[in-house]
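Novice: Sequence below, structure please.
(chains A and B)
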Amino acid sequence: DVKVTQSSRYLVKRTGEKVFLECVQDMDHENMFWYRQDPGLGLRLIYFSYDVKMKEKGDIPEGYSVSREKKERFSLILESASTNQTSMYLCASGARLRGLNSPLHFGNGTRLTVT
Amino acid sequence: AQTVTQSQPEMSVQEAETVTLSCTYDTSESDYYLFWYKQPPSRQMILVIRQEAYKQQNATENRFSVNFQKAAKSFSLKISDSQLGDAAMYFCAYRRNQFYFGTGTSLTVIP
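Specialist: Here you go, the predicted model:
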């Protein structure tokens, strides 16, 4: 089974802190994604990566950056956390886009609270 | 941009009964995939079922089936013989190049 592991299940940070959310997948997937999940808004794509050192902005990249130095690891960075970034963050991975039926595999999510 | 609409924020069903969750999407493409994901309280998003747009036959996975109407851009999920473990948030997703998700339907199963 594909395993996508997010390093923290719950995080509490203060406004202005730099926050790192880590995600590791074990299936050698090329593609990795960071989503934000908020009630009534579904999942919104923050950033994604097609390959090592490559990154693309999603729908809501403002206030976030990402890093992908190794294929299996995709990090989401909040440069200066703000209260409106309190949310659930989901990491996902998937095989290369040649197969449109390739599903996304998700981690368990990190619930981040910024106070 | 593609949009996916789930018009039912909450649904409930009696155990052992059947429930249908609705999903519509907007696209100008002819080749794409559709997915239903389940997110139980554990928060792990689990793939329930997928449908290829070019296939006429509706996908089925055990108690889960879809009613795919391409012309109407509709992709509903039917859960038969509902079980307590089916209680979860259900997300519909469209994939062409990227995944686009609906806002989810929270399903309650009543014993």
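Novice: can you give me the helices for chain A?
Specialist: Here chain A has no helices by DSSP state H.
Novice: Let me see the contact set for the most centrally placed residue in it.
Specialist: When chain A is reduced to its mean C-alpha position, the nearest residue by C-alpha atoms, centre = their mean turns out to be residue A:34, at 2.5 Å. Residues in contact with residue A:34 (C-beta atoms under 8 Å, 6 or more residues apart in numbering or on different chains) are A:21, A:23, A:45-48, A:58, A:64, A:66, A:74, A:76, A:89-92. Glycine gets a C-beta too; all of them are placed from N, C-alpha and C.
Novice: Residue B:87: neighbouring residues, count only.
Specialist: By other C-beta atoms under 10 Å in any protein chain shown, the residues close to residue B:87 number 18.
Novice: who touches it in this structure?
Specialist: Per C-beta under 8 Å, 6+ apart, neighbours of residue B:87: B:40, B:107-109.
Novice: now, which of the residues you listed sits nearest chain A?
Specialist: Using C-beta to the nearest C-beta, residue B:40 is the member of the contacts of residue B:87 that lies nearest chain A, at 10.9 Å.
Novice: And for that closest one, nearest residue in space, chain neighbours not counted?
Specialist: Leaving aside its sequence neighbours, residue B:40 sits nearest to residue B:88 (C-beta to C-beta, 6 or more residues apart in numbering or on different chains; 4.3 Å).
Novice: Show me which residues of chain A sit near chain B.
Specialist: A:33, A:35, A:40-43, A:45, A:48, A:58, A:88, A:90, A:92, A:97, A:100-101, A:103-104, A:106-109 (C-beta under 8 Å from any C-beta of the partner chain).
Novice: Would you list the buried entries among those residues?
Specialist: By neighbour count, with 16 or more other C-beta atoms under 10 Å in any protein chain shown, the residues of chain A next to chain B hold A:33, A:35, A:42-43, A:45, A:48, A:58, A:88, A:90, A:92, A:103-104, A:106-109 as buried.
Novice: In strands, which of the residues you listed fall?
Specialist: Secondary structure defined by DSSP state E assigns A:33, A:35, A:42-43, A:45, A:48, A:88, A:90, A:92, A:106 of these to strands.
Novice: Among these, pick out the one closest to residue B:9, please.
Specialist: residue A:42 (10.8 Å; C-beta to C-beta).
Novice: my read: the closest one touches residue B:101, true?
Specialist: Yes. If you go by C-beta atoms under 8 Å, residue A:42 and residue B:101 touch, sitting 4.7 Å apart.
Novice: which residues do the two both contact?
Specialist: Listed as contacting both residue A:42 and residue B:101 by C-beta under 8 Å, 6+ apart are B:4, B:91.
Novice: Count residues in the vicinity of residue 50, would you?
Specialist: Reading this off chain A. 13.
Novice: that answer is for a different chain, and I need it for chain B
Specialist: Residues within reach of residue B:50, counting by other C-beta under 10 Å, total 19.
Novice: The residue nearest to residue B:19 when sequence neighbours are not counted: which element?
Specialist: Nearest non-adjacent residue to residue B:19, counting by C-beta to C-beta, 6+ apart: residue B:13, 3.8 Å away. Following DSSP states H and E, one finds residue B:13 within strand B:10-14.
Novice: Which helix or strand lies directly C-terminal to that strand?
Specialist: According to DSSP H and E, the helix or strand after strand B:10-14 is strand B:19-21.
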